[in-house]
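Novice: got a predicted model here, sequence first, then my questions.
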Amino acid sequence: MGLGQFFEILEYVCFLTDTFFAKVNKDFTSQICPNCGTHTGKKELNVRIHFCPECGYEQDTDVAEARGCT
Ligand SMILES: [Zn+2]
């Protein structure tokens with residue numbers, strides 16, 4: 001297969017992985033501080049900012065979920 005096709009497949013796998021981790025993030029990662037690992041508790045779905053009271057780490061959860069395949 002050509003190189004273009006290879007990247008197409010890579011992109012597709014990347015998309016699937018992204019979708020999977022976005023789902024996982026919704027359930028788990030948003031409750032755990034990525035900086036210190038402290039459980040910050042269940043968040044309402046409309047809360048888009050992750051904030052850790054332990055270390056003060058703050059991050060837009062949209063940005064956290066958008067990262068992945070870069
Ligand atoms: Zn923290």
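Specialist: Yep, it's here.
Novice: now do the longest helix anywhere in the chain: which elements does it pack against?
Specialist: The helix that spans the most residues within the chain, counting by DSSP state H, is helix 3-27. Here helix 3-27 touches helix 61-66, going by 3 or more CB pairs under 8 Å, 6 or more residues apart in numbering; DSSP states H and E. Bear in mind the C-beta positions are built from the backbone N, C-alpha and C, glycine included.
Novice: tell me the phi and psi of Tyr57?
Specialist: Main-chain dihedrals, Tyr57, degrees, to the nearest 10: phi -70, psi 140.
Novice: what's near enough to touch the closest residue in space to it that isn't next to it in sequence?
Specialist: Residue nearest to Tyr57 in three dimensions, not counting chain neighbours: Asn35, with 3.7 Å by CB to CB, 6 or more residues apart in numbering. Applying CB atoms under 8 Å, 6 or more residues apart in numbering to Asn35 gives the contacts 52, 55, 57.
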